[in-house]
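In: build me a model:
(one chain, ligands or ions: 1)
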Amino acid sequence: MAINTDIQRDTALDRQKEQLKPPPMYQVVLLNDDYTPMEFVVAVLQRVFGKNEDEASRIMLKVHHEGRGVCGVYTRDIAATRVEMVKQLARARQHPLQCIMEPAPEA
Ligand code: TYC
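Out: Purely as a prediction, here's the structure:
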């Protein structure tokens, strides 16, 4: 019984600590390919990530030249929803555009 009580106390403490922490954040990353038109990528960055045209063009060119680029940093569900939105838009136009999410580096 003493063992059990210890486990329960640890768990409650862990939960309390967990609730004090900010949620884990995820970055949504666009990957380069040779076929998706640049204008389409810029339009996706504006529509899905709320970027203005200059910022969208800057991110698109970074992906084009460096192979990948961060579109934004979000909580898990919001990041996952945006990844799905990008994939759906790309699929609808039959572009091979790839988008992933990954844990954001700690600030
Ligand atoms: N490399 C593509 C081209 O030359 C443009 C592109 C940019 C594609 C960013 C995907 O995530 C991407 N048309």
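
In: can you check the pLDDT for residue 11?
Out: On pLDDT, residue 11 comes in at 72.

In: strands paired with the helix or strand hosting residue 74, and their directions?
Out: Assigned by DSSP states H and E, residue 74 belongs to strand 68-75. Each strand paired with strand 68-75, and its direction, by DSSP bridges: strand 25-31 (antiparallel).

In: which residues touch the partner strand?
Out: 41, 45, 49, 59-60, 63, 67-76, 79-80, 82-83, 86, 97-104 (CB atoms under 8 Å, 6 or more residues apart in numbering). Glycine gets a C-beta too; all of them are placed from N, C-alpha and C.

In: which ones among these come in contact with the ligand?
Out: 41, 60, 63, 97 (CB under 6 Å from any ligand atom).

In: take these and keep only those in strands.
Out: If you go by DSSP state E, those have nothing in strands.

In: could I get these in JSON lines, plus columns for neighbour count, distance to residue 23 and pLDDT?
Out: Listed next are these as JSON lines, based on neighbours: other CB atoms under 10 Å; distance: CB to CB, whole Å; pLDDT from 0 to 100:
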{"residue": "41", "neighbour count": "25", "distance to residue 23": "28", "pLDDT": "99"}
{"residue": "60", "neighbour count": "24", "distance to residue 23": "29", "pLDDT": "98"}
{"residue": "63", "neighbour count": "23", "distance to residue 23": "26", "pLDDT": "99"}
{"residue": "97", "neighbour count": "21", "distance to residue 23": "28", "pLDDT": "98"}
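
In: tell me which residue is most central in the protein.
Out: residue 28 (2.3 Å; CA atoms, centre = their mean).

In: and that one, bridged to which residues?
Out: Bridge pairing for residue 28 - DSSP bridges - gives residue 72, residue 101.

In: what's the burial count for the residue lying closest to residue 100 once chain neighbours are set aside?
Out: Using CB to CB, 6 or more residues apart in numbering and skipping the chain neighbours, the partner closest in space to residue 100 is residue 29 (5.3 Å). Applying other CB atoms under 10 Å, we find 18 residues neighbouring residue 29.

In: poorly predicted segments of this protein, please.
Out: For the chain, the stretches flagged by pLDDT under 70 are 1-10, 13.

In: switch the cut-off to 80
Out: 1-18, 107 (pLDDT under 80).
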